[in-house]
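Colleague: Could you look at this predicted model? Sequence included:
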Amino acid sequence: MAADRRILVINPNSNETVTRGLDGALAPLARPGIAIACRTLAEGPFGIQSQADVEQVALPLRDLVRREAADAYVIACYSDPGLHVCREATDRPVLGIAECGILTALARADRFGVIAVASRSIPRHLRALRQMGVSERLAGERALEMTVAETASGTDTLARMIAVGRDLRDRDGAGVIVMGCAGMAVHRRGLEQELGIPVIDPTQAAVAMAIGIVAVA
């Protein structure tokens, strides 16, 4: 019997609560013959919230990719830290959740909105959109003004996400929402039910793409 194909999903921060949330969010994507494993980068900060944090985890991510074999890798942070250096380190696919989440959103509606963790993340995200060449499809990006840890386990996180999501939908004209942090994964279904438009969990989007890649490889 052939061994399972393996997709390694790496949480680049050291917050295990975020990793457990990823495990739960990815459970519906389980398929026979494809194993999805979530890992926490122990060397990472508690949350990726600045450019310094992004740069800090790039080489540890590369080292983990070199060290741990998989058929595909997913970097589960919306800043896509270390994406290109990790791609240099392996001949296996390496997917960033921001790229995959945005590409999935473009297939669901003409214009998309993004819920960011904090305002200082937005310039970094906008730079990535320009590099992808999709800035014209962005309806808007609005921030929760929370920490990564609060998005994963805060008591009023969903209520705040609903308020921001409504502004993106009603004021900015977004037809689909991308959650701009892996820590928001546990709130996708509730947010979508409240807003009545598609809500993309970018980690689910990236793993779904990875499944498609390894299934036909």
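Modeller: Sure thing, it's come through. Numbers count the residues shown, from 1 in each chain.

Colleague: ok, M179 touching G190?
Modeller: No - counting by C-beta atoms under 8 Å, M179 sits too far from G190 to count as a contact (11.4 Å). Where you see a C-beta, it was placed from the backbone N, CA and C, and this is true even at glycine.

Colleague: Looking at those two, which has the bigger crowd around it?
Modeller: More crowded of M179 and G190, by other C-beta atoms under 10 Å: M179, with 27 against 14.

Colleague: So what sits opposite the more buried one in the bridge?
Modeller: Per DSSP bridges, the residues bridged to M179 are I115.

Colleague: Now for it: which residues touch it?
Modeller: Residues counted as contacts of M179 (C-beta atoms under 8 Å, 6 or more residues apart in numbering) are 101, 115, 161, 185, 187-188, 191, 199-202.

Colleague: Keep only those of these that are in strands.
Modeller: Within the contacts of M179, residues falling in strands by DSSP state E are 115, 199-200.

Colleague: okay if I get those residues as CSV plus distance to A152, neighbour count and pLDDT?
Modeller: Shown next, in CSV, are the ones in strands among the contacts of M179 (distance: C-beta to C-beta, whole Å; neighbours: other C-beta atoms under 10 Å; pLDDT from 0 to 100):
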residue, distance to A152, neighbour count, pLDDT
I115, 14, 27, 98
V199, 16, 25, 98
I200, 17, 26, 98
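
Colleague: Paired strands for the host helix or strand of L95, with orientation please.
Modeller: Here L95 sits within strand 94-96, counting by DSSP states H and E. Strand pairing for strand 94-96, determined by DSSP bridges: strand 72-75 (parallel).

Colleague: of the ones in strands among the contacts of M179, closest to A72?
Modeller: I200 (19.2 Å; C-beta to C-beta).

Colleague: Buried residues, the helix or strand bottoming out on mean pLDDT in the chain. List them.
Modeller: Ranked by mean pLDDT, DSSP states H and E, the weakest helix or strand in the chain is helix 148-153, scoring a mean of 83. Buried residues in helix 148-153, counted by 16 or more other C-beta atoms under 10 Å: 148-152.

Colleague: which one of these is nearest D80?
Modeller: Using C-beta to C-beta, V148 is the member of those that lies nearest D80, at 15.0 Å.

Colleague: quick one: the closest one and A116 touch, right?
Modeller: No - contact criterion C-beta under 8 Å: V148 and A116 do not qualify, at 11.1 Å.
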